[in-house]
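In: based on what follows, work out the 3D shape:
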Amino acid sequence: CSGHFFDVIECMVAIIRCYDDTMKDRLRVIKGNAPVFTENMGGSHDSKKSILSSYMLKIRWEDPSAGGLGDLPPWGGMQLIVVGDFFQLPPVPNGAKGRRKGSSGGDHLLENDELYEIEFNNIVGLVGTYAFQSRSWGRSHFRTIELAKIHRQSDGDEGLLKLLNAMREGEKPLSEMHSSAMDAIKAPIRASSCYGIVPTQLHSKNADVREINMTELDKLGGEPVGFKSRDTVEFHDLYKRKLIKKYFLEKIVHLPQIWSSVEGISYPQRIHDARAELRCLEKKKDALIRNRKYSAIAEIDETIDNLEKEILDIEKSTKDNDELNLDNVSTWLKDAGVEGDPRDFYFDQLTRFEGQLQSDYKKLKNHANERFFSKECRVDENCVLKEKSQVMLLFNLNISE
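Out: Sure thing, here's the model as predicted:
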């Protein structure tokens, strides 16, 4: 995280942990003495009285006699273990180049007069300081353990490593000191001769990515086709085992319907094949209508009707078999040879089990939608493609087991 964010978190934690009536009065005085907002103080016009303003972060470490909170121990006395790659390249804002939202110009939020570099005072914000350069880091008296071995790049990439470190440290000008590495990075990559695949470009801003994608898409012929992403959440196996144990369902853990309400219905392959056939026939029918070959449409209509009926029958049959009801549970118990416990016992337990399962799933899904899918996910919900569009697919592979 940035130095500014690290200072903000420390200030909030210290105040919360030391909060009492006296602290409440001190904060009221501090907010009352906060200066009028100016452009280089960060935040917005509405945040000039916020306890997270630059004024608050500055007075956090001043002497109490001057109205500060310097008597509060770092992090309110809480002990911390801070782990991470604190020398990563700072994040790039998604706003317009060289500007930030609500700003008349500039590329930083506030100046930090305690941090120094060779050429200029370090600044906090969009191109801000590192966490270890913040006020609160130095006053936290961390015992630092540094991992010195680099595994991501090989020893032969010394030029790249030096360039990356120079970027992190703000070394200027990069082009003179690291010309070989920069020339190698900028070297053009030819398109694949056998498949015509254009090398993928990586950009730091989503706005640039969208602009390039739309430009390349406009060059292709054909009609655009829209796709909408479908977000799903899944329960961890550990949660499932605990829930099964809680409701004494270990003997029927393989019941096909036990997770169906939260994991969706698994349809047979035939329904997918039938839907594909139906789409092809509908396209063929549209072509016949355009060419006014009406005599051939009747035969296609009959086939379409049969496919639609088959799809509906498969859907109904699959949903009926997937439903968690007394008949399905009784049938499975009999086929599985489960004896000793009455079917009513299992069905009552499954009813309570299903109630908690649905409640937990709703909470998990709402949490995922609010905290990730709608806010933190950087992938667009909608995607437009044309025939011969080039797509790069990314996925996470779990290799923990």
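
In: quick one: average confidence on the helix or strand harbouring Cys280?
Out: Following DSSP states H and E, the helix or strand that holds Cys280 is helix 269-290. Across helix 269-290, pLDDT averages out at 89.

In: repeat that for stretch 201-213.
Out: 81.

In: before we move on, what about stretch 21-41?
Out: Per-residue scores along stretch 21-41 average to 75.

In: list the buried ones in the host helix or strand of Glu158?
Out: Using DSSP H and E, Glu158 sits in helix 158-169. Judged by neighbour count (16 or more other CB atoms under 10 Å), helix 158-169 contains these buried residues: Gly159, Leu160, Leu163, Leu164, Ala166. C-beta here means a position set from N, CA and C on the backbone, and glycine is covered the same way.

In: got TSV for the residues you listed, with distance to His272 and pLDDT too?
Out: Shown next, in TSV, are the buried residues of helix 158-169 (distance: CB to CB, whole Å; pLDDT from 0 to 100):
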residue	distance to His272	pLDDT
Gly159	51	82
Leu160	46	83
Leu163	50	83
Leu164	47	80
Ala166	53	81
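
In: out of these, who's nearest Arg230?
Out: Of all the buried residues of helix 158-169, Arg230 sits closest to Leu164, with 37.2 Å by CB to CB.

In: for the closest one, give its distance to Ile16.
Out: According to CB to CB, to the nearest Å, Leu164 and Ile16 sit 37 Å apart.

In: next one: Glu282
Out: Glu282 is 61 Å from Ile16, by CB to CB.

In: again, but for Val198
Out: From Val198 to Ile16 the distance is 52 Å (CB to CB).

In: show me where pLDDT drops low in this protein?
Out: Applying pLDDT under 70 to the chain flags residues 36-52, 89-128, 153-156, 191-195, 339-341, 376, 378, 394-401.

In: ranges for the helices of it?
Out: For the chain, the helices defined by DSSP state H occupy 3-17, 21-33, 54-59, 135-140, 158-169, 174-177, 179-186, 206-219, 237-246, 260-263, 269-290, 297-322, 326-336, 343-368.

In: other SSEs contacting the first one?
Out: Spelled out, it's helix 3-17. helix 54-59, strand 110-116, strand 121-124, helix 135-140 (3 or more CB pairs under 8 Å, 6 or more residues apart in numbering; DSSP states H and E).

In: and it, how far out from the chain middle?
Out: 24 Å (CA atoms, centre = their mean, to the nearest Å).

In: how about that helix: buried residues?
Out: Applying 16+ other CB under 10 Å to helix 3-17 flags Gly3, His4, Phe6, Asp7, Val8, Ile9, Glu10, Cys11, Val13, Ala14, Ile15 as buried.

In: my read: the second one touches Arg135, true?
Out: No: here His4 does not reach Arg135: they are 9.9 Å apart, not a contact under CB atoms under 8 Å.

In: give me the common contacts of those two.
Out: Leu57 (CB atoms under 8 Å, 6 or more residues apart in numbering).

In: for Leu350, see how far away Ile258 is.
Out: 7 Å.

In: how about the contacts made by Phe279?
Out: One thing to correct before we go on: residue 279 is Arg, not Phe. Taking CB under 8 Å, 6+ apart as the definition, Arg279 has no contacts.

In: now the buried residues of helix 3-17 as CSV including distance to His203?
Out: Putting the buried residues of helix 3-17 into CSV (distance: CB to CB, whole Å) gives the following:
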residue, distance to His203
Gly3, 26
His4, 25
Phe6, 27
Asp7, 30
Val8, 29
Ile9, 30
Glu10, 33
Cys11, 34
Val13, 36
Ala14, 39
Ile15, 39
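
In: out of those, the closest to Asn213 would be?
Out: His4 (32.2 Å).

In: quick check: the closest one vs Lys365, distance?
Out: 33 Å.

In: hey, what's in contact with both of Ile258 and Leu350?
Out: Leu249, Leu324.

In: what comes into contact with stretch 380-388?
Out: Here stretch 380-388 has contacts from 210, 217, 220-229, 391, using CB under 8 Å, 6+ apart.

In: alpha carbons of it, as PDB, please.
Out: Written as PDB, here are the backbone C-alpha positions of stretch 380-388 (Å, rounded to 0.1, in the frame of the first residue of the first chain):
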ATOM      1  CA  ASP A 380     -15.800  -5.500 -17.600                       C
ATOM      2  CA  GLU A 381     -19.200  -7.200 -17.100                       C
ATOM      3  CA  ASN A 382     -20.000  -6.900 -20.800                       C
ATOM      4  CA  CYS A 383     -17.800  -7.900 -23.800                       C
ATOM      5  CA  VAL A 384     -18.400  -7.300 -27.500                       C
ATOM      6  CA  LEU A 385     -16.700  -9.600 -30.100                       C
ATOM      7  CA  LYS A 386     -16.800 -10.100 -33.900                       C
ATOM      8  CA  GLU A 387     -15.800 -13.000 -36.100                       C
ATOM      9  CA  LYS A 388     -12.000 -13.500 -36.100                       C
END
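
In: for that stretch, buried residues please.
Out: Neighbour-count burial for stretch 380-388 [16+ other CB under 10 Å]: Leu385.

In: related to what we said a few turns ago, list the buried ones in the helix holding Cys280?
Out: Buried-residue list, helix 269-290, by 16+ other CB under 10 Å: Ile271, Ala274, Leu278, Lys285.
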